[in-house]
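Asks: let's see this in three dimensions:
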Amino acid sequence: MNHSPDIEKWLRLIRTEGVGSITFSRLIKHFGSIDIALGASVAQLNKVKDIGEKTANLIVSTRDKFDVQAELELADKLGVCLITLEDTRYPVMLRKIYDPPPVIYVQGTLEKSDNLAVAIVGSRRCSIYGREQASRFAHILASGGFTIVSGLARGIDTSAHQGALSAGGRTIAVQGCGLANIFPPENKKLAELITCSGARISELPLNYEPLAENFPPRNRIIAGLSFATIVVEAAGRSGALLTANAAIEYNREVMAVPGNIDSPMSKGCNTLIKQGAKLIESVEDIMESLGYIGEQLREHAKDTQVKVEEKLKVKIENIPNLKLAKEEKCIYDCLSSKPAHIEQVISSSNQAAGRVNSSLISLQLKGLVQQLPGGFYKKK
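Replies: Purely as a prediction, here's the structure:
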């Protein structure tokens, strides 16, 4: 694989016990190079800001314990590329946070267009309403050319990735485990599709298990990759709120889908809205927020040589003009604001049941049709 230059040295240092993203940055800043940092004595490490004698001893005693060659061999076997913070392929938006991961593992591809990414996150134990909204907004944004970022978890994350893929768009999954693992395991097929239409990313060694302690740091990467985060259903205390808080810390836009005030899964979103998050009810609301963000991205545009304002304007203008396939338009024309049973739609459209079902799903994702209990559908 085409790993970043000096990847062995970067891995040695970041895999040293007591060295995280912030400490890594301090070491490089203090010593001026990764070679000097790796060769520093306990006394020299003691002089680095916020590194005491205990941590200095830990660094010296463990900086050669990680098997770098075995890690790179496994990465090559899995088709995973290791990219350092100094590599031009490293995501620009992620580089700008105060604690970017020094090394990221990537399976799939990263493109410049991924700098226009929106995170969609929420509860694992979500409602049908939550899944529909996550899929719908992901589908619409991906149709407009935005990359959808989420965490590959059950519930809202899964629906967000699926919505982006159904639009033929790009999506990035940030994992809370090493890329040799897929969590949850039932998302194996989804993970494969994401790799073909975007990327799976992690900062963790390839064989790391999905431990609870890994997910809060994972959430900061989701927020860091994205210039906006949309929260769809979240309990009062949830990982989605950690992602939203990270986005706020990084001065990124936060949006939230309102929910039923009686539902525990809506408490987090409704609280975010109280605290100033943009309330999202429609595509128009997202357009308004994204238009504001476009004005804030001039510095990123300089860095990436992408005319963000112009591209964003084109994408936003395209979002409401979703093109309907011939079958979709036929089904849509058969519906009205009054509920119609699916058998009635099949009869009216004179199309096969399978085509009607697939068209109805697509129309739901595009926010044009609402499914009701008992197999009934109506126009929104």
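Asks: so where do the helices sit in the stretch 101-250 of the chain?
Replies: 128-143, 156-166, 188-196, 215-225, 239-249 (DSSP state H, counting those that start in this stretch).
Asks: of all these, which one comes closest to residue 9?
Replies: helix 215-225 (22.3 Å; C-beta to C-beta). (C-beta placed from N, C-alpha, C; glycine too.)
Asks: report the angle between that closest one and helix 156-166.
Replies: Helix 215-225 and helix 156-166 are oriented at 40 degrees to each other (axes from the mean of the first three to the mean of the last three C-alpha atoms, to 10 degrees).
Asks: for helix 215-225, what is the distance to the chain centroid?
Replies: 8 Å (C-alpha atoms, centre = their mean, to the nearest Å).
Asks: in it, what's buried?
Replies: 215, 217-225 (16 or more other C-beta atoms under 10 Å).
Asks: stretch 15-34 now?
Replies: Quick answer for stretch 15-34 (16+ other C-beta under 10 Å): 15-16, 18-19, 21, 23-24, 26-28, 30-31, 34.
Asks: repeat that for stretch 41-48.
Replies: 45, 48.
Asks: and the spatially closest residue to residue 346 that is not a sequence neighbour, what does it touch?
Replies: Among residues not flanking residue 346 along the chain, residue 356 sits closest, at 5.0 Å (C-beta to C-beta, 6 or more residues apart in numbering). Residue 356 is in contact with 331, 342, 345-346, 349, counting by C-beta atoms under 8 Å, 6 or more residues apart in numbering.
Asks: which of the residues you listed tops the neighbour count?
Replies: residue 331 (27 neighbours; other C-beta atoms under 10 Å).
Asks: just to revisit the earlier point, so which of the helices of the stretch 101-250 of the chain is nearest residue 84?
Replies: Of all the helices of the stretch 101-250 of the chain, helix 215-225 sits nearest to residue 84, with 15.0 Å by C-beta to C-beta.
Asks: returning to what we had before: give me whichever of the helices of the stretch 101-250 of the chain is most buried.
Replies: Mean neighbour count (mean count of other C-beta atoms under 10 Å) peaks for helix 156-166 among the helices of the stretch 101-250 of the chain, with a mean of 27.
Asks: return the host helix or strand of residue 255 as PDB; C-alpha atoms alone will do.
Replies: Counting by DSSP states H and E, the element that carries residue 255 is strand 253-257. C-alpha atoms of strand 253-257 as PDB (Å, rounded to 0.1, in the frame of the first residue of the first chain):
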ATOM      1  CA  GLU A 253     -22.400  24.100  12.600                       C
ATOM      2  CA  VAL A 254     -24.700  21.800  14.600                       C
ATOM      3  CA  MET A 255     -28.300  21.000  13.500                       C
ATOM      4  CA  ALA A 256     -30.900  18.900  15.200                       C
ATOM      5  CA  VAL A 257     -34.100  17.200  14.100                       C
END
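Asks: any idea which residue sits dead centre in this protein?
Replies: Closest residue to the average C-alpha location of the chain: residue 149 at 2.1 Å, with C-alpha atoms, centre = their mean.
Asks: could you measure from the residue nearest to residue 346 over to residue 182?
Replies: 33 Å (C-beta to C-beta, to the nearest Å).
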